[in-house]
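Q: Fold the following for me, if possible:
(2 chains)
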Amino acid sequence: MFSIIALALCAAQQTTAQSGFPGTPIGHVPKVEIAWNRLYELRELYAHFDRLAAAYPTFVEASVIGHTTENRELRVYTLNDPATGVDTEKPAMWIDGNVHGNEVQAGEAVLYTLWYLLENRSTNAEIEKLVAGSAFYFCPSQNPDGRAHWFEKAHDSSSSRTGVQPWDDDGDGRFDEDSANDLDGNGMITQMRKFVPGQGTHRQDPDDPRILTPVPPNEEGRKGDWIMLGEEGFDDDGDGRINEDEVGGYDMNRAWPSMWQPGHVQFGAGPYPLYWPETRSVASFVLAHPNIAALQSFHNAGGMILRGPGAESYGEYEREDVRVFDELGKAGEKMLPFYRYMVIWKDLYTVYGGFATWGYEGLGIISFTNELWNSEQQWGDGKNKPDPKERWFFDDKLLSGAGFVDWHAYDHPFYGKVEIGGFRKDYGRVPPTFMIEEMLHRNAMFNISHAKAMPLVSITESTTTDLGDGLLAVDVVFRNMHAIPTRTAHAAKQKIGMPDTFTISGADVEVLAGGFRTDRWRPERIQLAEREPARLLRDSGIGSREEVRVRWFVRGKGDRALVSWQGEKARDRSLEIKLR
Amino acid sequence: MTTIIGIASICALTFAPIASGQERARLRNLDQRDLQLEMTRLATEHPTLVTVIPVGESRGKRRIEALRVAGGELSVGRPALLIVANIDGPLVWTSALALDHVRELTSRYSTDARVKALLDTTTLYVIPRVDADAAEARFATPLYEETASGPGIDDDRDGRQGEDPPSDVDDDGKIAWMRVPDPLGEWMVDPLDARVSIKADRAKGQRGAFKLVREGRDGDKDGTASEDRPFDTVLNRNFPQGWIEHGANSGRFATDEPGARALCDFVLLHKDITLVLTYGALDNVVDKPKTEGKTPRLSTNPAEGIPEGDALVLAELGKRFTAVGRAVKGDGKDAGTFQAWAQAQRGLWTVNVNPWSMPLDEAAPKKDGDSTTTPKKDGESNTPAKKEGDTAPTLEKEGDTAAPRKKGDDKETPSDDSKRLRWIDAKDESARFIAWKKFAHPELGEVEIGGFAPYATVEPPDADRAEIASKNTEAVLQLAESLPRARLVDVTATDLGAGLWQIEGALANDSMLPYASALAVRTEGVRPVRVALALPNGATLLAGNKQELVRDLPGSGGRKEFRWIVRGAAPSALTVSIDSDGMGAASVIPEVK
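A: Predicted coordinates for the structure are as follows:
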């Protein structure tokens, strides 16, 4: 008898597979299958987002927010649960990637986050709560042209960072006339080297002829046999320089309005902030959504969780806000091994006019930029600097040598006999196939932690005290349950956006005075409002996991009142309270 | 309706003395419609010289346009000068000033050899009005000196925006100032000159008696009037150089204002422009521009001051300008202005001229009882210490970065406003000052309304305008003549034997201005002049660079020499050429020496 029941139970479990993809391996099947061991060119990437929108039409809405130089669409996919209200009434997180066209896995990171939220919404209470209470704006790529070019044309891992608007890099009055050239026609831009016995700067590794190392300075006058000649290419415009004016040649992540500096101070910035159409379209969208309370902009590479300031001269961020950044950043380090939580100017380099720094400095939003993928994950231990030769070992043993284009002869029109070779564009700054999914999942969960921290206001206590002669004291406690304040200290100081409002109203209820209590125990300590006591304003909002106590003095025959909180970056809250 | 008005104005012109009537008409304040008509008229009257070209649109969808004035052949690389006017909202009259330069130059083109020579070799772009939206306030009733034209902010942090604008409380058709009695107010009547309001200095035992605010209602009943106006963003604070983030007048981001972006795009597109003359509140011709200091900053920004080399050149330009043209001291800082962007980020030669402000040098009146004082209206007097309030408040524009006016805190130094009032009295310009009058304000109780009338301190008397215009036309001519011009000179070929030719040439700049300012070199804002040698097939270059980019060259005879050695071609098959965006172009076959 026991065995029959056991068999029946086993059968039942094996036939019911739940939807979703929580990360535990058995019993769940995603509604939308996406292979996470690949990188997708732009049309494929957009197609995956469209599949998600089609599979979850109630929750996902696609919109075109602008067009690129080559007229590709800039898109935002909004995730919102309409059953709980419109997106603009909720705290929202903006997630984008790929403003640098070559930093392609950022697109997949944005996609994975949306996919994970949708897939787990109906089977996981935490995710359901998050989706019900917040909105998300997903921008798959801020630089669709750059992404498309990186996939379709010959590039290396760093090129196609730029957009493709013609730009005169070398001041000769011509535009984009001398890019790198795919001399050997293999679809890759690699390196050129030349054998110059006894007159070179580099020498071959005795065990592996693919590897060149620089000859160290020495007193014996020893030189190498090889010289590196740079990226594959020749002098297209005959001006005596090679590859000096590539397609485009600017940096759209230096275009943003906070601490913006022109091109001669900050390379690639352009002649004025938000000069390029992509950047202006994104900025217009973000400015039109003051409900955005969290921001992530994905880049590659290096394994970093970055926050501003981007420049030392900015000074330090507000102390209370730094505490929130630190909490999220340090948790992120634990969630993302090989990633370090860093301050941009101090720990990386100076960046004027970055997007995530504008998010905080200009808009008062807690913003991060994650640099996806640290190549040391392949061969390092996270502590010691790995031997550069490990790259070839890894490629040979784990990728069957697919990442390296071996040196081969070429007859260069200017340099004569050279060799062309090097690592492919999809090796180094992007993970190898089998490590992509882990990168995506960990970073998506970092996003989810960030989003969960967006403010949530709750009216937790209300008490009415009869002071006699028809006078009542109404005490209300408003709490922000989450780590991100309803208004960052920076927003409060710089008066960004609108102050929070705390209101009371009721039929036959007259509000005589009111204000924010400064002492939990001594009710007479109140910052009394000078006028309009029924509508109190607070530029500092409700802090990180803090509460604001309000006392109103009311009188009248009414026996009920409605107390409310309204703010830009959390859902409005109301509570009907009994006065008598 | 239009016809009747047309006839009437023709009659006026006929009966009045022709010169002054025409002058008054041509230098009057032009609203948007009249401005566009005047520009079209100039283009129609001189079709081979003048073209209307678009610049963009203001936030209020008004057209911003330029006139291109150019005679002769439009060759590539021809130098150009840009004149910008009415970039500060209240300086509406400067639109007519700028257009008058076009009118005068085009009318002299066929008879004045100097003007013809200039216009045939130089292009003039004139944008007579940039802040088209704020300018329209000049023609509105009630009259308000509007400085802003872009999105407002919640000035008083009450969760509402623009709910308490300035307004015409006493219904006199003008929005002026109010003195609102308040023990916490910072202002007091100037003890030296009762017509003036000054900030009380506690250290000197002075106490404030009133708040000084714009005339307006207290619509939101918060105890202050006119503190939250609908527009806050000032167009000429919305440019990227020194842009003040979160400033009250700065706008959401630099170039968010469509007019600012349009002007930047115009400058970027018209790379032939090497010098910009801006009529505005800023000045760098009367007062010498500040330098960076001895140690030059390496590519950092923003620098306080400009490189010393540029300062010296601008000082010379300023000296020449003020010798023939009319300019006065400036007012305000250049943070976020067009002028600062054009100079520090584009590296253009920028000449900033404030063509008129109310003079501060009118002599002090003689003591009481002297007959030289003319009788004033409304009990005004130009003797100091008069109690009845005819005080002109200092125009502390709300949220402006303008330097605060001086306090009249010393018995010997009267305040700037009292100096202005001296001028008003001496010139009988009483309409520029509204006598302080008590008024029962609907919300604030008894106040006084008065002060300088809108636009009073920024518009010259009608009678002075023609002279300013013609003097400045002369100054513009001089500026245009000083633009850098590249010439190829002494291009020769010497036979070295063995089939080798030595080709030599020099790049010369005989104009006053260097090719590029130090800022242009630093910012790479101006494309270098390219010098190139073209060889036929089969010839080889044995020495020298086929192409050289020359970033800068001094003016007044600056020279850079080039030398090549060529084999396998006769000199007649070679070409030495120069090309640039705005300093000329040329192509020369070497002459055999």
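Q: Was I right to think B:Ile64 contacts B:Asp133?
A: No. B:Ile64 lies out of contact with B:Asp133 (Cβ atoms under 8 Å); the separation is 10.0 Å. Placement of C-beta: from N, CA and C, glycine included.
Q: where in chain B is pLDDT low?
A: Along chain B, the parts satisfying pLDDT under 70 run over B:1-25, B:294-303, B:366-412.
Q: wait, the stretch 451-580 of chain A
A: With pLDDT under 70 as the threshold, the stretch 451-580 of chain A has no low-confidence stretch at all.
Q: Ok, chain A next?
A: Residues of chain A meeting the criterion pLDDT under 70: A:1-16.
Q: Where is the longest strand in it?
A: Among the segments of chain A that qualify as a strand by DSSP state E, the longest is strand A:457-468.
Q: mind listing the strands for the stretch 401-550 of chain B?
A: For the stretch 401-550 of chain B, the strands identified by DSSP state E, counting those that start in this stretch occupy B:433-441, B:445-452, B:486-497, B:500-509, B:529-534, B:540-543, B:547-550, in order along the chain.
Q: Give me the residues contacting the third one.
A: Read it as strand B:486-497. For strand B:486-497, the surrounding residues in contact (Cβ atoms under 8 Å, 6 or more residues apart in numbering or on different chains) are B:501-510, B:515, B:529, B:553, B:559, B:565, B:571, B:574, B:576-578, B:580, B:583-586, B:588-593.
Q: Tell me the residues of the stretch 151-300 of chain B that contact chain A?
A: Of all the residues in the stretch 151-300 of chain B, those in contact range of chain A (Cβ under 8 Å from any Cβ of the partner chain) are B:153-154, B:157-159, B:221-223, B:239-241, B:243, B:245-246, B:252-255, B:261, B:264, B:268, B:299-300.
Q: same thing but at 6 Å, please
A: Contacts of the stretch 151-300 of chain B with chain A, taken as Cβ under 6 Å from any Cβ of the partner chain, map to B:Arg157, B:Gly159, B:Asp222, B:Pro240, B:His246, B:Phe253, B:Ala254, B:Thr255, B:Cys264, B:Leu268, B:Ser299.
Q: Can you add secondary structure and give these back as CSV?
A: Below are these laid out as CSV (DSSP: H, G, I helix; E, B strand; the rest coil):
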residue, secondary structure
B:Arg157, coil
B:Gly159, coil
B:Asp222, coil
B:Pro240, coil
B:His246, coil
B:Phe253, coil
B:Ala254, coil
B:Thr255, coil
B:Cys264, helix
B:Leu268, helix
B:Ser299, coil
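Q: Columns neighbour count on top of those residues, output as CSV?
A: Converted to CSV, those look like this (neighbours: other Cβ atoms under 10 Å in any protein chain shown):
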residue, neighbour count
B:Arg157, 14
B:Gly159, 17
B:Asp222, 17
B:Pro240, 28
B:His246, 17
B:Phe253, 23
B:Ala254, 26
B:Thr255, 26
B:Cys264, 24
B:Leu268, 15
B:Ser299, 12
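Q: Point out the other elements, helices or strands, that the lengthiest helix in chain B touches.
A: As assigned by DSSP state H, the longest helix anywhere in chain B is helix B:462-481. Of the remaining helices and strands, those touching helix B:462-481 by 3 or more Cβ pairs under 6 Å, 6 or more residues apart in numbering or on different chains; DSSP states H and E are helix B:93-108, helix B:308-324.
Q: Can you check what angle separates it from helix B:308-324?
A: Between the axes of helix B:462-481 and helix B:308-324, defined by axes from the mean of the first three to the mean of the last three Cα atoms, to 10 degrees, the angle is 140 degrees.
Q: Return the set of buried residues in helix B:462-481.
A: The neighbour-count check on helix B:462-481 (16 or more other Cβ atoms under 10 Å in any protein chain shown) flags B:465-466, B:468-469, B:471-473, B:475-481 as buried.
Q: For it, what is the distance to the chain centroid?
A: Once both centres are worked out by Cα atoms, centre = their mean, to the nearest Å, helix B:462-481 turns out to sit 14 Å from its chain's centre.
Q: neighbouring contacts of it?
A: Counting contacts by Cβ atoms under 6 Å, 6 or more residues apart in numbering or on different chains, the residues outside helix B:462-481 that touch it are B:23-24, B:27, B:81, B:97, B:100-101, B:104, B:118, B:122, B:320-321, B:324-326, B:355.
Q: go again using 7 Å as the cut-off
A: The set of residues that contact helix B:462-481 without belonging to it, under Cβ atoms under 7 Å, 6 or more residues apart in numbering or on different chains, is B:23-24, B:27, B:81, B:83, B:97, B:100-101, B:104-105, B:118, B:122, B:124, B:275, B:277, B:320-321, B:324-326, B:351, B:355-356, B:460.
Q: Mind checking which of the residues you listed are buried?
A: Judged by neighbour count, with 16+ other Cβ under 10 Å as the criterion, the buried members of those are B:23-24, B:27, B:81, B:83, B:97, B:100-101, B:104-105, B:118, B:122, B:124, B:275, B:277, B:320-321, B:325-326, B:351, B:355-356, B:460.
Q: Looking at the stretch 251-400 of chain A, which residue is nearest chain B?
A: Proximity of the stretch 251-400 of chain A to chain B (Cβ to the nearest Cβ) peaks at A:Pro257, 3.5 Å away.
Q: The longest helix belonging to chain A - contacts with which helices or strands?
A: When secondary structure is assigned using DSSP H, the longest helix within chain A turns out to be helix A:433-452. Secondary structure elements in contact with helix A:433-452, counted by 3 or more Cβ pairs under 7 Å, 6 or more residues apart in numbering or on different chains; DSSP states H and E, are strand A:92-97, helix A:105-120, helix A:125-133, strand A:292-300, helix A:319-335, strand A:366-372.
Q: tilt between the longest one and strand A:292-300?
A: Read that as helix A:319-335. Per the same axes, to 10 degrees, the angle that helix A:319-335 makes with strand A:292-300 is 50 degrees.
Q: Over to the shortest one?
A: In this structure, strand A:92-97 runs at an angle of 10 degrees to strand A:292-300, with the same axes, to 10 degrees as the basis.
Q: helices or strands up against strand A:92-97?
A: Contacts defined by 3+ Cβ pairs under 7 Å, 6+ apart place strand A:92-97 against helix A:105-120, strand A:135-139, strand A:292-300, helix A:433-452.
Q: From the contact counts, what lies against the shortest one?
A: This means strand A:135-139. strand A:73-79, strand A:92-97, helix A:105-120.
Q: can I get the CA coordinates of the longest one in PDB?
A: So that's helix A:105-120. Output in PDB follows, covering the C-alpha atoms of helix A:105-120 (Å, rounded to 0.1, in the frame of the first residue of the first chain):
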ATOM      1  CA  GLN A 105      26.800  42.000 -23.300                       C
ATOM      2  CA  ALA A 106      25.100  45.000 -21.600                       C
ATOM      3  CA  GLY A 107      22.200  44.400 -23.900                       C
ATOM      4  CA  GLU A 108      21.800  40.800 -22.700                       C
ATOM      5  CA  ALA A 109      22.100  42.000 -19.100                       C
ATOM      6  CA  VAL A 110      19.100  44.300 -19.600                       C
ATOM      7  CA  LEU A 111      17.200  41.500 -21.400                       C
ATOM      8  CA  TYR A 112      18.000  38.900 -18.700                       C
ATOM      9  CA  THR A 113      16.700  41.200 -15.900                       C
ATOM     10  CA  LEU A 114      13.300  41.700 -17.700                       C
ATOM     11  CA  TRP A 115      13.100  38.000 -18.500                       C
ATOM     12  CA  TYR A 116      13.800  36.900 -15.000                       C
ATOM     13  CA  LEU A 117      11.200  39.300 -13.500                       C
ATOM     14  CA  LEU A 118       8.600  38.100 -15.900                       C
ATOM     15  CA  GLU A 119       9.300  34.400 -15.600                       C
ATOM     16  CA  ASN A 120       9.300  34.400 -11.800                       C
END
